[in-house]
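Engineer: when you get a sec, could you give me coordinates for this:
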Amino acid sequence: MAVEETIAQPSQAEVCAIVTAMPGAEDTDGMLALLGSDRLQIIRDLDATAANMQRYDAEGLGWQNVIDGSSALEPRPDSWLLGALRMACED
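Structural biologist: As a prediction, this is how the structure comes out:
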């Protein structure tokens, strides 16, 4: 009988600890500025990405097309996604 190793999935707290420990991440708006974005643009990019994912899903295509397809619809995940993570981890 083979023994399976159980790997714990990172929790939200662990992900947030990593994101907030990044250099310059102590101030969310400052970090967003470093990434060349702002809160409104992050929300717009997230909305567009969600719509793209729904479209791909409706067409029977995998979500990987949103992430790694060279012909994927804009906005493809980029540095703005780090900003979105930082916003989600605000106290």
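
Engineer: which strands or helices does the lengthiest helix in the chain pack on?
Structural biologist: Selection of the longest helix in the chain by residue count, based on DSSP state H, yields helix 39-58. With contacts defined as 3 or more Cβ pairs under 8 Å, 6 or more residues apart in numbering; DSSP states H and E, the packing partners of helix 39-58 are helix 28-34, helix 64-68, helix 79-88. C-betas here are computed from N, CA, C, even on glycine.

Engineer: tell me where the model's unsure across this protein.
Structural biologist: Counting by pLDDT under 70, the chain contains low-confidence residues at 1-7, 65-69, 77.

Engineer: how many neighbours does G83 have?
Structural biologist: Around G83 sit 27 other residues, with neighbours defined as other Cβ atoms under 10 Å.

Engineer: now do the contacts for the spatially most central residue of the chain.
Structural biologist: Per Cα atoms, centre = their mean, the C-alpha nearest to the average position across the chain is that of L81, at 3.9 Å. By Cβ atoms under 8 Å, 6 or more residues apart in numbering, the contact list for L81 reads D45.

Engineer: ditto for A88
Structural biologist: Going by Cβ under 8 Å, 6+ apart, A88 touches C16.

Engineer: the longest helix of the chain to helix 79-88, inter-axis angle?
Structural biologist: Here helix 39-58 runs at an angle of 110 degrees relative to helix 79-88 (axes from the mean of the first three to the mean of the last three Cα atoms, to 10 degrees).

Engineer: and helix 39-58, C-alpha only, in CSV?
Structural biologist: Taking Å, rounded to 0.1, in the frame of the first residue of the first chain, the C-alpha atoms of helix 39-58 are listed here in CSV:
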residue,chain,number,x,y,z
ARG,A,39,-7.8,50.9,-7.2
LEU,A,40,-10.2,51.8,-9.9
GLN,A,41,-8.1,50.2,-12.6
ILE,A,42,-7.6,47.0,-10.5
ILE,A,43,-11.4,46.7,-10.2
ARG,A,44,-11.9,47.3,-13.9
ASP,A,45,-9.2,44.6,-14.7
LEU,A,46,-10.8,42.1,-12.3
ASP,A,47,-14.3,42.7,-13.8
ALA,A,48,-13.0,42.3,-17.3
THR,A,49,-11.1,39.1,-16.3
ALA,A,50,-14.2,37.7,-14.7
ALA,A,51,-16.2,38.4,-17.9
ASN,A,52,-13.5,36.7,-20.0
MET,A,53,-13.5,33.7,-17.7
GLN,A,54,-17.3,33.4,-18.0
ARG,A,55,-17.1,33.7,-21.8
TYR,A,56,-14.4,31.0,-22.1
ASP,A,57,-16.4,28.8,-19.8
ALA,A,58,-19.6,29.3,-21.9
